[in-house]
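A.B. asks: coordinates for the following, if possible.
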Amino acid sequence: MSIDTQNATVLLAQDLIRRASITPDDAGCQSLLAQRLSAAGFAIQRLRFGEVDNLWATYGTEGKLFCFAGHTDVVPTGDAAAWRQPPFAATIAEDVLIGRGSADMKGSIAAMVTAVERFLGANPSPPFRIAFLITSDEEGVAINGTVKVVEWLKTQREQIDWCLVGEPSSRLALGDEYKIGRRGSITGNLVIHGKQGHVAYPHLADNPVHRAAPFLAELTAIEWDKGNAHFPPSTLQIANIHAGTGANNVIPGALNIQFNIRFNTESTVENIQTRVADLLARHQLRYTLDWSLSGQPFLTRTGDFVEAVEAAVMTVTGTKPVPSTAGGTSDGRFIAPTGAEVIELGPLNATIHQIDEQVPVAHLIDLSKIYEALLNQLNTRQTHHDR
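C.D. replies: Below you'll find the model as predicted:
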């Protein structure tokens, strides 16, 4: 099969990749997208919060709102010399496009734009509205990106009904999996307080490591829930632990523990925090605990949107995709709480954040076809609904 390297989606993906937009720098990607979308009839809003650029573009004035969501920022390249092609050269070699952001997620954004261009060329007055929510703050601290745009949308009384996030969701073949939800993520930064002293005089000190050991054994053994049909059980992992001055004759005065819990819809933040606090109290520990919530879990249940996504994938690949909630967090965690139905569908995730990140050229072309097929599905369903 010959690969069309001059395909519009491929060319746009290359143009985006060549802009070295390491988070939170957009490096002009959104200006390029705004130019393309404006030419297609979109109204453009540039939203800058702090040092972060965000783009909100809308088409149409009537009907439900369908939103493509994505990010133009990428993670650092690592050792550029270790790449077989320069990470921002967007080189095509052996039918794959190599470059930082090719899979996560400039390829998806290019596919979204070209899909919309073709769809609106054939359907200039669809019975629903279309939007793009693009940020340059997904790979970083994520405080001035999608979360701020969502807050701004509330002030504009704007409600997203359906959202397609272009995160790389495919596992072994394009479109084999799509995300219907994600687990929540909460981090605990815990300090167990003791009293520093000389190891030869333990009766004059209070070793927080010794005191915390039974607590940690119980903490790591907690069964938070049993999961459900869509999610595995919630899990806790200790990410960092530190105590001591570096000297072998000093009992530490404090033990610093950082742990993260990935939790499903069967657990709540309040329940998690209460169980940890009760356990600390039962072990009679002196402590300081600060919580950081990265996002709540969300789940999009079977309905018209899920059916439309599955039908779109089947139209292009001939295979029904499998719903999944595996993986980390995405900006969908900020959009879902507004009431939107959120689904993530994008290219293979095998090389994301790696040296030689890449995406098959044929996948980019087909991903754009899938997105166009989704728009056609929504068009048909809304047209029939309105009759």
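
A.B. asks: how about the residue most central in space within the chain: what's its closest non-neighbour residue?
C.D. replies: Centroid check for the chain by Cα atoms, centre = their mean gives Ser330 as the closest residue, at 1.7 Å. Among residues not flanking Ser330 along the chain, Glu167 sits closest, at 5.0 Å (Cβ to Cβ, 6 or more residues apart in numbering). (Each C-beta comes from the backbone N, C-alpha and C, glycine too.)

A.B. asks: got it, and Arg129?
C.D. replies: The shortest distance from Arg129 to any non-neighbouring residue, by Cβ to Cβ, 6+ apart, is to Gly60 (4.0 Å).

A.B. asks: phi first, then psi, for the one you found.
C.D. replies: Main-chain torsions, Gly60, degrees, to the nearest 10: phi 90, psi 170.

A.B. asks: ok, now how distant is it from Phe128?
C.D. replies: Plainly put, Gly60 is 7 Å away from Phe128 if you go by Cβ to Cβ, to the nearest Å.

A.B. asks: ok, His193 next?
C.D. replies: Remark: distance between His193 and Phe128 (Cβ to Cβ) = 57 Å.

A.B. asks: more crowded one of the two?
C.D. replies: Per other Cβ atoms under 10 Å, whichever of His193 and Phe128 has more neighbours is Phe128, with 21 against 14.

A.B. asks: residues in contact with the closest residue in space to the more buried one that isn't next to it in sequence?
C.D. replies: Among residues not flanking Phe128 along the chain, Gly63 sits closest, at 4.0 Å (Cβ to Cβ, 6+ apart). By Cβ atoms under 8 Å, 6 or more residues apart in numbering, Gly63 lies in contact with 126-129, 382.

A.B. asks: need the worst-confidence member of these.
C.D. replies: Checking pLDDT across those, the minimum falls on Gln382 at 91.

A.B. asks: how about the secondary structure of it?
C.D. replies: What DSSP: H, G, I helix; E, B strand; the rest coil gives for Gln382 is helix.

A.B. asks: now swap in Ile335 and tell me
C.D. replies: Here Ile335 is helix, with the state taken from three-state DSSP.

A.B. asks: surely it meets Ala69?
C.D. replies: Yes: using Cβ atoms under 8 Å, Ile335 makes contact with Ala69 at a distance of 6.4 Å.

A.B. asks: shared neighbours of these two, anything?
C.D. replies: Joint contacts of Ile335 and Ala69 (Cβ under 8 Å, 6+ apart) are 133, 146, 163, 165.

A.B. asks: which two from those end up farthest apart in space?
C.D. replies: Thr146 and Cys163 (10.3 Å; Cβ to Cβ).

A.B. asks: where do the contact lists of those two overlap?
C.D. replies: Contact criterion Cβ under 8 Å, 6+ apart; residues shared by Thr146 and Cys163: 69, 133, 335.

A.B. asks: neighbour-wise, which one of these leads?
C.D. replies: Ala69 (30 neighbours).

A.B. asks: alright, calling it a day.
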